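> Provide a 3D model corresponding to the input given below.
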Amino acid sequence: MDSYSDHLHSGSEDEREPLLTSESRSGSGFQGGSSVIDVTNITQPDIDIELKPNDGKLSRRWLSIYVMYFTMFLGAVTFSIVVSSLFPYLQELTDNKANTTFFGVVVAAYSLGQLIASPVFGFWSDKRPTYEPLLVSLIISVVTNLLYSYGQAFPHESGQYVLIVSRALVGFGAGNAAVARSYVSAATTESERTGAFAGISASQAIGFILGPVLALAFVPLGSTGVYWSAIRFHFNIYTGPGYLSALLAVINILLVIFVFKDRKLITRNFKKMKTFARKHNDSTNVTLSYPGVNTDNIRTGEKYDRIAAYVCVVLFFAVLFVLAVYETIVTPYSMDEFAWTKTKAILYNNIMFGGLAVLAIVTFIALKFVTKFIDERTVLMVGLILSAIGFFAMIPMGNEPPNIAISVVNPLVDNHTETRNNISLIGLENATIPVGCRYPKLEWCWSVPRLLLVQYIAGMVLLAVGYPTSSVLCYSIYSKILGPNPQGIMMGVLTAAGSLARTVGPLFVTFLYDVAGPQITLASIVGVLGIAILTLSISCYRLVPFGKPRGWV
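Here you go, the predicted model:
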């Protein structure tokens, strides 16, 4: 590790120059009355650079940012690659005894782990070189994804708990999202930041959407797949995604070791210089030089708008809350409403996610141009409204109940199915596993209308546009509000808020779904988004970049 640290700190002479040269000190240094503060010995760390036109360091800076993009992509993939198969995997491990509420606990475990890890890794990245928390988190990701895939090697009574523990630890490793966001904020100028955060969010959202597409490769394996009894190695439709996630984490580790290099524009010395200036000057009206950022309105006595920052945290909580709800119920909801078998649910949902990936990519590309002409707060509002309409569209509106589950011999084999009086009859002889709405586990099966497939698809399309729009703008606005300070801890707070939302969301939605059904569940999510829209409407005049006056436009 020491050799790698030396590699990171092997900057050239020009990288070790003081932040303020003798010329800049004499021309516009820190002055208070007739005294001049000497900041000669406040130098720039080796890993920090000044942004210069056509500087060769610029490309290396962006290479490191691209590594952060891949890190965010990996974190999203490790979550979403199992979205469609996690519920069937849980049923496989428990002989189909687990209910939707227990499934909510499994989903929430990932986000709980990320919730705990986010502030830890964020604080760590503020105090130490960025590569340290990155490497540790990625090693955790490798080990715990392997543990997830080994769930079938354990007895049925303990396999479900191995699943919970492994998903919690995979989520802990994904806490490096706070590190990635903090680094990108510190390595970009204000003019670059919206585009850079769009790249971060694009990487994450594309990972969320492409994860299920990658999982399609394992569908042909079925539940049997390949088995090596000597080491209890199962490679099938359920375990394959975990092994692929571990492989991607190994690739990420190699990128951090051989490609990544800290190239921060926002330095820790910015904070040190403010303290130094205050100690030597009674006036708080001191302007600091800040490479690559317009600091005309930044004064040592001025702090970022904490209310505005926490409004963004609340909005981000709402965005991730509704995403967690969608990710949690999409598979059981489709199986209950459309009487899909395990294999069909995995296959059909993953195909739809693949189509949505294209739409999400187009959305991210469009955002980069749209925000040049339309206020970011307005675009954020549009994203929230589209998400609310998407959930409203998925409320069941058919004229008859869904197919009621009777049984199926083998849900991984497409047996003959017929429907009599809205009751699915699939291989009744010696049947054990239900398909369709799981009555009597779900007592609302007879009273809730059927979901139309066109509703399901329309809702997914609207969410594929609304979620990435809301996510990108939350990140960008939040970062600009915080301004030119180390953002590791505050990005950890934002990530922790998202993780809390994705912890509470699955528990909330699975309990309400089991008890009250999809109508009340989805209506409550529309209500949450309505509160977020109202909050943004009231407070948007404060959501302005650091140092700029508040206003509605």
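
> L90 is in contact with G159, correct?
No: contact criterion C-beta atoms under 8 Å: G159 and L90 do not qualify, at 9.0 Å. Just so you know, the C-beta spots here come from the backbone N, C-alpha and C atoms, and that holds for glycine as well.

> So which of these two has more stuff around it?
L90 (25 against 18; other C-beta atoms under 10 Å).

> Skip ahead from the helix or strand the more buried one falls within and say which helix or strand is next.
Taking DSSP states H and E as the criterion, L90 maps to helix 83-93. Using DSSP H and E, the next helix or strand after helix 83-93 towards the C-terminus is helix 100-127.

> tell me which residues in that next one are buried?
100-101, 103-122, 124-126 (16 or more other C-beta atoms under 10 Å).

> which helices and strands sit right next to it?
When contacts are defined as 3 or more C-beta pairs under 8 Å, 6 or more residues apart in numbering; DSSP states H and E, helix 100-127 packs onto helix 83-93, helix 131-149, helix 156-173, helix 177-186, helix 306-338, helix 488-516.

> Could you rerun that using 6 Å?
helix 131-149, helix 156-173, helix 177-186, helix 488-516 (3 or more C-beta pairs under 6 Å, 6 or more residues apart in numbering; DSSP states H and E).

> List the contacts of the nearest residue to V120 once chain neighbours are set aside.
Nearest-residue entry for V120: G175, 6.8 Å, with adjacent residues in sequence omitted and distances by C-beta to C-beta, 6 or more residues apart in numbering. Residues counted as contacts of G175 (C-beta atoms under 6 Å, 6 or more residues apart in numbering) are Q114, A117, S118, F121.

> same check, this time on S80
Contacts of S80 by C-beta under 6 Å, 6+ apart are F208, G211, P212.

> from these, which single one is nearest L482?
F208 (24.9 Å; C-beta to C-beta).

> That closest one is in contact with V77, isn't it?
No: contact between F208 and V77 fails when scored by C-beta atoms under 6 Å: they sit 8.0 Å apart.

> ok so, going back, tell me which other helices or strands the helix holding L90 touches.
Right, helix 83-93 is packed against helix 306-338, helix 342-370 by 3+ C-beta pairs under 6 Å, 6+ apart.

> one more time with 8 Å, if that's ok
Short answer (3+ C-beta pairs under 8 Å, 6+ apart): helix 83-93 packs on helix 100-127, helix 156-173, helix 190-215, helix 306-338, helix 342-370.

> Tell me which of those approaches G242 most closely.
That would be helix 156-173 among the helices and strands packed on helix 83-93, by C-beta to C-beta, at 8.0 Å.

> residue ranges with poor pLDDT in the stretch 301-450 of the chain?
For the stretch 301-450 of the chain, applying pLDDT under 70 flags the ranges 301-302, 406-434.

> for the chain, that is, sorry about that
For the chain, the ranges with pLDDT under 70 are 1-58, 190, 194, 266-302, 406-434, 485-488, 550-553.

> Now render the contacts of G175 as JSON lines, adding distance to T224.
Shown next, in JSON lines, are the contacts of G175 (distance: C-beta to C-beta, whole Å):
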{"residue": "Q114", "distance to T224": "33"}
{"residue": "A117", "distance to T224": "35"}
{"residue": "S118", "distance to T224": "39"}
{"residue": "F121", "distance to T224": "39"}
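
> Which member of those residues is positioned nearest L380?
S118 (22.0 Å).

> Any figure for the gap between V528 and I538?
According to C-beta to C-beta, to the nearest Å, V528 stands 16 Å off from I538.

> and what of G199?
Distance from G199 to I538, counting by C-beta to C-beta: 30 Å.

> Same check on C445?
41 Å.

> and what of F508?
Counting by C-beta to C-beta, the gap from F508 to I538 is 25 Å.

> more neighbours, those two?
Neighbour totals were compared for F508 and I538, and F508 leads with 21 against 10 (other C-beta under 10 Å).

> pretty sure that one contacts V325?
Yes: counting by C-beta under 8 Å, V325 is a contact partner of F508 at 7.5 Å.

> quick one on the thing from earlier: kindly present the helices and strands packed on helix 100-127 as TSV, with separate columns for distance to P220.
Formatted as TSV, the helices and strands packed on helix 100-127 follow (distance: least, C-beta to C-beta, whole Å):
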stretch	distance to P220
helix 131-149	17
helix 156-173	23
helix 177-186	32
helix 488-516	29
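
> what comes into contact with stretch 521-532?
314-315, 318-319, 321-322, 325, 329, 384, 387-388, 391-392, 394-395, 509, 512-513 (C-beta atoms under 8 Å, 6 or more residues apart in numbering).

> In a helix, Y69, correct?
Yes: counting by DSSP: H, G, I helix; E, B strand; the rest coil, Y69 is located in a helix.

> now the spatially closest residue to it that is not a sequence neighbour: how far from L367?
Nearest in space to Y69, with sequence neighbours left out and distances taken as C-beta to C-beta, 6+ apart, is S203 at 4.1 Å. In this view, S203 and L367 are 14 Å apart by C-beta to C-beta.
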